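Colleague: Next one to model:
(4 chains)
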2 protein chains.
Amino acid sequence: MSTPGRGLHGRVLDSLGPAITAGEYPPGSILRTDELAQHFEVSRSVMREAVRVLESMHLVESRRRVGVTVRPKCEWNVYDPQVIRWRLAGADRPRQLRSLTVLRSAIEPAAAGLAARLATAEQCAELTECALGMVAHSRGHRLREYLFHDVAFHRVILTASGNEMFARLGDVVAEVLTGRTRHEVMFEDPDPEAVTLHVRVAEAVRSRDAVRAEELTRQITVGALHELDILAP
Amino acid sequence: MSTPGRGLHGRVLDSLGPAITAGEYPPGSILRTDELAQHFEVSRSVMREAVRVLESMHLVESRRRVGVTVRPKCEWNVYDPQVIRWRLAGADRPRQLRSLTVLRSAIEPAAAGLAARLATAEQCAELTECALGMVAHSRGHRLREYLFHDVAFHRVILTASGNEMFARLGDVVAEVLTGRTRHEVMFEDPDPEAVTLHVRVAEAVRSRDAVRAEELTRQITVGALHELDILAP
DNA sequence: CGGAAACAAAAAGTCAGACTTATAAGTCAC
DNA sequence: GTGACTTATAAGTCTGACTTTTTGTTTCCG
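Modeller: Residues are numbered from 1 along each chain as shown, chains lettered A, B, ... in the order given. This next block holds a predicted model:
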């Protein structure tokens, strides 16, 4: 995804980043730049660039005379798409998926409400198109096509909200939806009720009914929460 | 804030980052590493490290034979605390403040609902303490002390939600609250109604009333939206 | 024995220079 | 005009020497 192998330092990151987020180097661990450079068989310049990037993600901290220490999990920039991808690829994928789904359930209803007010005619059309695409592929094990339209649908909602912070979560939602289809539930055709909800959201947005769009979207995300058994009794 | 001047490349970033986010180099602009190095009077190694960091924030893209091109705003990692700080310090501070306040209004009610279910006894106590602190300093132009407790209050809510993604927004909320007090409204004593709401949220969380905690917090954030005139008629 | 000051070592940080590589763009033949 | 070839360019990489900060130790005096 995105840009694999954009230079030597990129390949080092693709190896070291996941190792850190996976807890292979637990918080407090101390790494030495020179050793890492040897281990990855790159020059120190390249290694330093990689460390700088990890530092900007708050995954590590570099201090003189000490080395590169791994920071505690709670300080990581967990919204960095790269970090999210690393964590989704690693051991605490389930945990990450839950966090992100809870985040979704907070963001998407609000985004849908705003979209109902601000969406352009073109965006309304796109939304309807996506919803219809979901309907069209909701039967007969056409999961790939269904997913495609599902992702597009949520992206349009987030973008149409007019809020840049919401819009940037499009990739995250895409990752969650894709991951869910691949590894978790959804071995068979999607829940017809969920499909209907998407269609109704598209209608609500087109008819500028913010309250209804928000409530319907909330029902969608509640469904997602239930799929992951996130619900205290 | 955080870590100013952590090395030469850090100082370059503190200068170049804000310049980019402020639109001083518009998207599509092409920078040359060597020129930048000369301009900032640092070696290319240092300059390269700085560029790598900007690249990891998706602010720029570095390509061979082309140079370092500034990416369009919609691709920036707008959740990166560093980027947020740069933007808040620059020209589109108002726009950024609005985006973040809308984000808050989506996140915090959900976080409060979860906190009501998951908060530890200690966190409940902290919450009450913060709310009482707000009450104690809500009169007599003790804005600094009031703000301190306000920030702490929202941090506890976000942390107690048990969701790492929510928790990491503590810094962002702090930034928004601080900024609001400094530059925007709030020249005089805070709205008594808002203070009361905080107290009631603390009570709701302690009594495990998730629905009430969520609704009350929503009222707080709606108030914040109104302060910034974010409300379509 | 205890604390302060001087010392030494370790690791990151910085710099300069030479070399490699990818690639955009221009050139030429057809 | 199209395709293959050439060239210039800017990023990418590596190496080695040097600087700076910080920590841990050692020494010395009270």
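Colleague: Return the residues in contact with the residue nearest the centre of chain A.
Modeller: Nearest to the mean C-alpha position of chain A, by C-alpha atoms, centre = their mean, lies residue A:172 at 1.9 Å. By C-beta atoms under 8 Å, 6 or more residues apart in numbering or on different chains, the contact set of residue A:172 is A:81, A:84, A:100, A:103-104. The C-beta positions use only the backbone N, C-alpha and C, and glycine is treated the same way.
Colleague: Please apply the same query to residue A:135.
Modeller: A:195, A:199.
Colleague: Next, it: secondary structure please.
Modeller: Secondary structure, DSSP: H, G, I helix; E, B strand; the rest coil: residue A:135 is helix.
Colleague: Distance-wise, check it relative to DNA strand D.
Modeller: As judged by C-beta to the nearest atom of the strand, to the nearest Å, residue A:135 and DNA strand D stand 43 Å apart.
Colleague: Please report the distance of that residue from residue A:145.
Modeller: 11 Å (C-beta to C-beta, to the nearest Å).
Colleague: Ok, residue A:38 next?
Modeller: 48 Å.
Colleague: On the three-state scheme, the closest residue to residue A:5 other than its chain neighbours is what?
Modeller: Closest residue to residue A:5 apart from its sequence neighbours, by C-beta to C-beta, 6 or more residues apart in numbering or on different chains: residue A:11 at 5.5 Å. Put simply, residue A:11 is helix when judged by three-state DSSP.
Colleague: Residue A:11: how many residues sit nearby?
Modeller: Other residues lying near residue A:11 total 16 when counted by other C-beta atoms under 10 Å in any protein chain shown.
Colleague: before we move on, what about residue A:95?
Modeller: Neighbours of residue A:95 under the rule other C-beta under 10 Å: 11.
Colleague: Go through the longest helix along chain A and flag the buried ones.
Modeller: Using DSSP state H, we find that the single longest helix of chain A is helix A:93-118. Buried residues in helix A:93-118, counting neighbours by 16 or more other C-beta atoms under 10 Å in any protein chain shown, are found at A:96-116, A:118.
Colleague: cool, and stretch A:212-220?
Modeller: Across stretch A:212-220, burial judged by 16+ other C-beta under 10 Å covers A:212-218, A:220.
Colleague: one step back: any chance of the contacts of residue A:172 in a markdown table, plus distance to residue A:6 and pLDDT?
Modeller: Shown next, in a markdown table, are the contacts of residue A:172 (distance: C-beta to C-beta, whole Å; pLDDT from 0 to 100):
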| residue | distance to residue A:6 | pLDDT |
| --- | --- | --- |
| A:81 | 14 | 96 |
| A:84 | 18 | 97 |
| A:100 | 25 | 97 |
| A:103 | 28 | 98 |
| A:104 | 29 | 97 |
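Colleague: Including distance to DNA strand C, could those go into JSON lines?
Modeller: Shown next, in JSON lines, are the contacts of residue A:172 (distance: C-beta to the nearest atom of the strand, whole Å):
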{"residue": "A:81", "distance to DNA strand C": "22"}
{"residue": "A:84", "distance to DNA strand C": "26"}
{"residue": "A:100", "distance to DNA strand C": "32"}
{"residue": "A:103", "distance to DNA strand C": "33"}
{"residue": "A:104", "distance to DNA strand C": "36"}
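Colleague: Closest to residue B:200 out of those?
Modeller: Distance to residue B:200, by C-beta to C-beta, is smallest for residue A:103 among the contacts of residue A:172, at 25.8 Å.
Colleague: check contacts around the residue lying closest to the closest one once chain neighbours are set aside.
Modeller: Nearest in space to residue A:103, with sequence neighbours left out and distances taken as C-beta to C-beta, 6+ apart, is residue B:165 at 4.6 Å. By C-beta under 8 Å, 6+ apart, the contact set of residue B:165 is A:78-79, A:99-100, A:102-103.
Colleague: Residue A:18 contacts residue A:91, correct?
Modeller: No: look at residue A:18 against residue A:91 with C-beta atoms under 8 Å: they stay out of range, at 9.6 Å.
Colleague: Pop the domain breakdown of chain A in here.
Modeller: For chain A, automatic domain parsing gives the domain ranges A:8-75, A:92-227.
Colleague: Lowest average pLDDT across those?
Modeller: Between these, the lowest average pLDDT goes to domain A:92-227, which shows a mean of 93.
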